[in-house]
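Student: Sequence and computational prediction follow.
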Amino acid sequence: MTLRAVRLTVGRTWRVTRDGRPGLACDLTGYRDRVDTLKSGLPGTTLRLPWPPYVSRLWTHMYNGTYQNADTFTLVATLLPLRCWGGHPPVESARGAVIAETEFIWHPFAVTSLLHLSLPGELQWPATADDAAFLNDVLRAPLTRQAQVRDGLELPASIVGTADPGGVVDFVDRGSFVFTSALHTVPGDQIAAAASGLALMLADDPDPDRAGRLKSLRGAICVEGTGVGMVLPADVYRAGNVARCLHTNFATLLAYLENLRSVATDADPTEAVRWFRSTAQQTLDHLYRRAPLPKTGSIYRSRLPELWLDKRGLPPAVIDQLR
């Protein structure tokens, strides 16, 4: 029984600060203007609207299927992130070169970098010690002299440089996560355990009770600490494309949640930050409850926001206390 087409994403989130306080890279007007410019097709910065080259389930469900035609007011009211995507030199591993790509998910208040890795070969399930060691070695592979894969990507000047003048802008590290997905050929009673095992990087005893089954596929997703694991069946039509799209969508969703969480927990926001904090809290609350989103009325039914925010200590009861 195997896990194949294994993908691994390391995310790292930074909170924007100004003069030592939680702040913004640009104010609400600047954010709105930036989204409006990109919607109009005018040239902007290296950042773009977050639409992938295929039809995105994430944004389809967030914007009632018409995300490419959504007006600027709606996109801003739901804190749409901006995004840039690029290549990265292969990462060397004991099993060969690992194809790598980079992605950055930007908000005026936070940025999450994503390093996407497509791992060579297959893993066994139940996992072998060699497979667990391989995943750990990939995470420890050097990115730079100072950083390993598990440390995630630093922010490039093209992202940091999107900040507007008006104070000293810095970026404070707010933590990281690892998301691993694979196609599986395991029996039905092992699917949830396999998702838990991937979230644990195959290193600890998996617990199938902590996984959530995916509704339309024989798959499961699980959050274990700051790790997320997902398995999808290998025998469905165009399984590779389905897995690639879902992995990209869920990695973007995790970055979106972490950016929003970083501003939602501000204890003493400035007046400029206050609107972003309130909107982030409201959006997280609706995603957690799988309730209609404000401004769109659409429902994003994935269980990932609930599973993730529970582990990060920010369910609705906590959000209510922050308001």
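Tutor: Received the coordinates, thanks. A quick note: this is a predicted structure, and the numbers were derived from the prediction, not measured. Numbering: from 1, shown residues only.

Student: From what I see, Leu117 and Pro89 are in contact.
Tutor: No. With contact defined as CB atoms under 8 Å, Leu117 does not reach Pro89; the gap is 11.8 Å. (Glycine included, C-beta is placed from N, CA and C.)

Student: what mean pLDDT does stretch 294-307 have?
Tutor: Throughout stretch 294-307, pLDDT has a mean value of 91.

Student: buried stuff in that stretch?
Tutor: Lys295, Thr296, Ser298, Ile299, Tyr300, Ser302, Arg303, Leu304, Pro305, Glu306, Leu307 (16 or more other CB atoms under 10 Å).

Student: got it, and stretch 94-102?
Tutor: Of the residues in stretch 94-102, those buried (16+ other CB under 10 Å) are Val98, Ile99, Ala100.

Student: Any figure for the gap between the last one and Asp151?
Tutor: The span separating Ala100 from Asp151 equals 14 Å under the rule CB to CB, to the nearest Å.

Student: repeat for the second one
Tutor: Computed with CB to CB, the distance linking Ile99 and Asp151 is 19 Å.

Student: Next: the first one.
Tutor: Counting by CB to CB, the gap between Val98 and Asp151 amounts to 16 Å.

Student: and if you look at Phe177?
Tutor: Applying CB to CB to Phe177 and Asp151 gives a distance of 12 Å.

Student: Would you mind grabbing the residues shared as contacts by Leu117 and Pro89?
Tutor: Common contacts of Leu117 and Pro89 (CB atoms under 8 Å, 6 or more residues apart in numbering): Ala100.

Student: and those two? which has more neighbours close in?
Tutor: Leu117 (23 against 9; other CB atoms under 10 Å).

Student: and the spatially closest residue to Leu3 that is not a sequence neighbour, what is it in contact with?
Tutor: Of all residues not flanking Leu3 in the chain, Ala182 sits nearest, at 3.9 Å (CB to CB, 6 or more residues apart in numbering). Ala182 sits next to Leu3, Arg4, Ala5, Val6, Arg7, Leu123, Ala194, Leu198, Met230, Val231, Leu232, Ala243 when contact means CB under 8 Å, 6+ apart.

Student: One more: Trp275?
Tutor: Neighbouring residues of Trp275 by CB under 8 Å, 6+ apart: Leu28.

Student: Wait, a strand at it?
Tutor: No. Using DSSP: H, G, I helix; E, B strand; the rest coil, the assignment for Trp275 is helix, not a strand.

Student: Distance to Trp275 added to the buried residues of stretch 94-102, as a markdown table?
Tutor: Output for those, formatted as a markdown table (distance: CB to CB, whole Å):
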| residue | distance to Trp275 |
| --- | --- |
| Val98 | 41 |
| Ile99 | 40 |
| Ala100 | 37 |
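
Student: So which of these belong to helices?
Tutor: Using DSSP state H, no member of these sits in helices.
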